[in-house]
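Visitor: Let me see the structure of the following:
(chains A and B)
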Amino acid sequence: MKTLSLLVVSLILMLGMQLKAQNEEACQKAMETAIDQFDQVKDAADLQVCKNSFERIAASYPERWLPVYYAAYLNTELVYWEMKSEQNTQRLEAAEKYLKQLEGLEEADRSEVATLWGYFTMCRISQNPQTLGQELYQPTVTKFEEAMRLNPANPRPVILLAFFEQNLPPFLQSSRNREEEMKKAEELFNREQKSYSAPYWGKHFLQMITDSENH
Amino acid sequence: MMKTKQILFIGLIFWQLQAFAQTREVSGRVIDEQGSPVAYANIWLENSVEGTSSDNEGFFRFNSHATGEGCLIVSMIGYHEVRLQAPINEMHDLQILIREIPLNLDEVVVQAGSFILKGTSTVDRKSAVDVATTAGSEGDLFKAITLLPGAQATGTDGRLLIRGGDSSESQTYIDDMHVLSPYGATFPYQQARSRYSPFFFSGVNFSMGGFTSEYSQSLSSVLPLYTRDEAKDSKTGVSLMNVSLGGGGTKAWEKASLSFNGDYTNMDSYVRLFYPEQAKQWYRPFHSLALQKQFRYSPGEHTHFKTFFTFDRSAFNRLERPAFGESREMDFNENNLYLNSTYRTRSKSGMNWFIGAAFGWNRRRIAGAEIAGDKLSESESELHLKVKMGKRISRLFKMDAGAESFLKQYEMDYTILAPPLSPRLNHHISGIYFSGDFNLLENLLLNTSVRGEYTSLNDDIALLPRLALSYKLNDFIFSGVAGRYQQMTGNDYLIRNGALSNERNLQYLLGIYYQKDEKIFRAEAYHKDYERLPLRQQQLGYTSEGEGYSRGVDLFYNDRMFLKHWDYMVAYTFNDSRRRYLHYPVPVQPHYVTRHNASVSVRYTNFDRLRSMISITQRYASGRPYHDPNGEGFMSGCTPQLHTTDVSWTILAHKKLIIYLSASNIFGRKNIYGYHYNSTPNNAGIYERKPILLEQPQNFYVGFFLTLGKNVAYEATHF
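Guide: Presented below is the predicted three-dimensional model:
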């Protein structure tokens, strides 16, 4: 009888561990699929589907920072892709909700979160530059600078700040040398490997800045 | 025994494998209330990553490993989330209806009469920068409002005149608390400015009538101003204008901030430069010192404590030259204080709470106020206490309620008469209101509200109902409002008869609004029936038997991008108004009313090449009626039309420095606001007259605004 009890307890424990491992595995697998899906995005419809994937993972694993991060990022990104969409106010509200959720997650990479806040406020400016430009210029720059301070190896705040400044009137731009900043960002991006456990995006801004300057 | 264990073990493993090996198809279609497919809806099983997105036709399909009962969630931005509890093996070929959230109508919609200058609403978007850089505003909130439809050309005092109402019919609020004295001190025949810079506020709403029952004691308009909830960055700055010098700053902490600002104004050099012929009559130039402070503390996302304090002192001494009669020396001193503290929070149940207290105090001492040798001392104070709450009960209903009390005191001493005139008023006004928003349809909103108000001075209890209906059709909003409003008669009349009834009117408004991309069109018609207005009667003094009406149409069009770098705004207001009140024995068009009012503002913005915003505003108003004692009838005269052309130029010289230049009435037109008639006829039996003009018909401002602080750019305020 004793042996049977031990066997049952062992089985339950095994099952529990197995379920936990499967749970972890399911989350990891879902993230890998979603990140791969993000790499294949061609248009706003693809991006919307991809955003949904991250939102599903974020809903099931609210304690994991990366799905919440991507849900915030893609809600913001969609606004850039569809600048005139009637859903943009709600998309930005959703992005802000996820960003606030990230603030409460201890594991979240603070440099990446600060970068995303900067990207988010930059996006809000793009929706209403005349009214929000003055109000949000300062928080945007502050967030990118905070992100760079927290992790000097993070390429995203470097390139995003360069991009933000490129789109400002010349007299508002800082004394940073854009070429040097771009070179620095490129080096940092080159050191970065595709990852399923950390943010991996933003390199295309290098090309966007170059194209814009050549235009 | 051993065999039994083996069987059990193998059985468990087999059961486990079985459970994970089987998959079930979950499929269906997502549609909206019109039966149209909803693309890109997010569909998943709760507590799992199993799910998918609907395709262009609303169809979805995915396989699930889950067994038993499950919860299928369907979510889509702009729609209410749907949760479907059912056995998972039955979740196939589903037809899922999702309903649009009708947020436009109760959160964003503009209702007849209201005008949102700034804030989150998409109905119209204007920032403090917009206000300051539109020619004709001269950086002043009230002057900017006079460019909107419904506002008439102001008189020589510069106070707002809205839709046929006199200047006492407009009230100003800061963070929902009443402001006793919003206009700064000025000298005779010079237009007053707001005491508060538009840059202090993150939101400016302006309601030209039909406003909610939260506001009372106004028959024409309310101007609710909202200060910022938080300041994220510390900064300091100074400003130098041709009439003033200022400085201040903000110290920001993680959850709190403290802002301070001070301005000293002195008109001496301005008068000597632009109006040298007037310099001799100024014994002591107009000068003022204004201080503002705000402390903000936000311990949570929805919790904000704010306290806003302002004090200003103004004085001048000069020779007053009345149109007829003897000149006299006028010595003017005014102190004004305003302090408000507000606390907002949201409970876990979603109930929004607000508690506020505001104290306003104004004291004026004027020697030579009316005639040589007289002394006038006026002191007025008001304590405003308010509590309100609001909650969305369901997607169909939202309620708001509140209570407030105004404790008011007024003292006046006028010391040339024997015996001296020393009236005192000490009274209170208390009100309670309830308001309900009903989403009758997803694009049809009904608001009903009622306010009960008690005024102690005349021991009157009033019930003031209001009804508003808004309907949204594509990019158009149609709105209608009917409501009863009241206000106490002004102190000037109450000191003569404390039993005067509250002035009342019944307002009807109908409006249509259109907004698409950068274009905004508005048209509104209104009718107001006034009763119980103060009326001077020979034997009885002032009574409340005055009455009248005001009706008209307002049109507005704003295109913010009709050409690259260009935007323009056109406003037209027609008003037909008649009153029997004050000293009008018969119903006539009041002396301050102009039937036709129009303004056109054009602005050119080019920061890339010119670093500039250049604006020009042309304003027109038809003549004002006046009483000509030499002519037939009462108030039968009409002044010439009013025209002004104003320009402004804002240069962002550096991200820390803004240069602002503005000039009003650049062609120096002498606009006539009425006539002073001699009280006695000349030898030929004619009453001689002199036109009423602004003492300084043109204003010129040059300002430099320097803001210091990390990452601070083109800010004209340190607040």
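
Visitor: Assign the residue nearest in space to the middle of chain A to helix, strand or coil.
Guide: Residue closest to the average C-alpha location in chain A (Cα atoms, centre = their mean): residue A:73, at 4.0 Å. Secondary structure for residue A:73, judged by DSSP: H, G, I helix; E, B strand; the rest coil, is helix.

Visitor: ok, it touching residue A:160?
Guide: No - assessed by Cβ atoms under 8 Å, residue A:73 is found out of contact with residue A:160, at 11.7 Å. The C-beta positions use only the backbone N, C-alpha and C, and glycine is treated the same way.

Visitor: what is in contact with the two at once?
Guide: Listed as contacting both residue A:73 and residue A:160 by Cβ atoms under 8 Å, 6 or more residues apart in numbering or on different chains are residue A:119.

Visitor: ok, now which ones touch the residue nearest to the centre of chain A?
Guide: A:95, A:116, A:119, A:199, A:201.

Visitor: Identify the residues contacting the third one.
Guide: The reference is to residue A:119. Contacts of residue A:119 (Cβ under 8 Å, 6+ apart): A:73, A:76, A:156, A:160.

Visitor: picking that back up, quick one: which of the contacts of residue A:73 sit in helices?
Guide: A:95, A:116, A:119 (DSSP state H).

Visitor: could you dump those residues to CSV with pLDDT?
Guide: Converted to CSV, the ones in helices among the contacts of residue A:73 look like this (pLDDT from 0 to 100):
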residue, pLDDT
A:95, 96
A:116, 97
A:119, 96
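
Visitor: from the residues you listed, which single one is nearest chain B?
Guide: Proximity of these to chain B, judged by Cβ to the nearest Cβ, is greatest for residue A:95, which lies at 10.9 Å.

Visitor: close enough to count as contact, that closest one and residue A:122?
Guide: No - using Cβ under 8 Å, residue A:95 makes no contact with residue A:122, being 11.7 Å away.

Visitor: So which of the two has more stuff around it?
Guide: residue A:95 (26 against 23; other Cβ atoms under 10 Å in any protein chain shown).

Visitor: List phi and psi for residue 60.
Guide: Answering for chain A, as no chain was given. Main-chain dihedrals, residue A:60, degrees, to the nearest 10: phi -80, psi -30.

Visitor: You answered for a different chain; I wanted chain B.
Guide: According to degrees, to the nearest 10, residue B:60 has phi -140, psi 160.

Visitor: Run a quick neighbour tally on it.
Guide: 22.

Visitor: Could you do residue B:499 as well?
Guide: Residue B:499: 12 neighbours (other Cβ under 10 Å).

Visitor: how about it, secondary structure?
Guide: Residue B:499 ends up coil, using three-state DSSP.

Visitor: Find the nearest non-adjacent residue to it, please.
Guide: residue B:458 (5.6 Å; Cβ to Cβ, 6 or more residues apart in numbering or on different chains).

Visitor: how many neighbours does the one you found have?
Guide: 16.

Visitor: Do you know the pLDDT at it?
Guide: For residue B:458, the pLDDT comes out at 93.

Visitor: Secondary structure element for it, which one?
Guide: Following DSSP states H and E, one finds residue B:458 outside all helices and strands.

Visitor: so it touches residue B:500, yeah?
Guide: Yes - under the criterion of Cβ under 8 Å, residue B:458 makes contact with residue B:500 at 6.7 Å.

Visitor: Tell me how many other residues surround whatever residue of the stretch 351-500 of chain B ends up closest to chain A.
Guide: Residue nearest to chain A within the stretch 351-500 of chain B (Cβ to the nearest Cβ): residue B:475, separated by 10.4 Å. Residue B:475 has 12 neighbours, counted by other Cβ under 10 Å.

Visitor: Kindly report the same for residue B:516.
Guide: 10.

Visitor: Now it. Its backbone dihedrals?
Guide: phi -150, psi 130.

Visitor: Not counting its neighbours along the chain, what's nearest it?
Guide: residue B:475 is the one closest to residue B:516 (Cβ to Cβ, 6+ apart), at 4.7 Å.
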